[in-house]
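S.K.: need coordinates for the following:
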Amino acid sequence: MIGGRMRVSATSDFGRNVVRHWLDKFNALHPHVSISLLLSDSISHLLHDEIDLAIRFGVPADGTMVAKKLAENRRALCASPAYIAEHGEPKHPDELRRV
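M.R.: Just a heads-up that it's a prediction; the model follows:
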């Protein structure tokens, strides 16, 4: 029997919409595991905050961390018609630095 406490940190939106469902399925299989899901968009300090697992996007800055791909992260850049009218349609993200 697997049991104990597991503290998981994830970004707010991804945690609410994806990770929570993964943890619900995990907990159904392992009901003796107490799970705390901590949602924050700031970087977690794994040892200081006693985090067992942190789910973030990108490559970890700390070379001692191990990263595994869990899911795709598709993004869309959107602008209002007023923004486009004033600044034009950017052809590259670097153009947004001028605004």
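S.K.: which stretches of the chain form strands?
M.R.: Along the chain, counting by DSSP state E, strands occupy 4-10, 33-39, 53-55.
S.K.: okay if I get those as JSON lines plus mean neighbour count and distance to V66?
M.R.: Using the backbone N, CA and C atoms, a C-beta is placed for each residue, glycine as well. Formatted as JSON lines, the strands of the chain follow (neighbours: other C-beta atoms under 10 Å; distance: least, C-beta to C-beta, whole Å):
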{"stretch": "strand 4-10", "mean neighbour count": "17", "distance to V66": "15"}
{"stretch": "strand 33-39", "mean neighbour count": "14", "distance to V66": "19"}
{"stretch": "strand 53-55", "mean neighbour count": "17", "distance to V66": "11"}
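S.K.: next one: the lowest-mean-pLDDT helix or strand in the chain to chain centre, how far?
M.R.: Lowest by mean pLDDT, DSSP states H and E among the helices and strands of the chain is strand 53-55, with a mean of 87. On the basis of C-alpha atoms, centre = their mean, to the nearest Å, strand 53-55 sits 8 Å off its chain's mean C-alpha point.
S.K.: then stretch 43-60?
M.R.: With C-alpha atoms, centre = their mean, you get 10 Å for stretch 43-60.
S.K.: over to stretch 47-61?
M.R.: 10 Å.
S.K.: what's in contact with that stretch?
M.R.: 6-11, 14-15, 19, 38, 43-46, 67, 70, 73 (C-beta atoms under 8 Å, 6 or more residues apart in numbering).
S.K.: again, only using 10 Å
M.R.: Stretch 47-61 is contacted from outside by 4-11, 14-15, 18-19, 22-23, 35-38, 40-41, 43-46, 65-68, 70-71, 73, 75, using C-beta atoms under 10 Å, 6 or more residues apart in numbering.
S.K.: need the mean per-residue confidence for stretch 30-47.
M.R.: Average pLDDT, stretch 30-47: 86.
S.K.: list phi and psi for R56.
M.R.: Main-chain dihedrals, R56, degrees, to the nearest 10: phi -140, psi 170.
S.K.: so what strands line up beside the least confident helix or strand of the chain?
M.R.: Counting by DSSP bridges, the strands paired with strand 53-55 are strand 4-10 (parallel).
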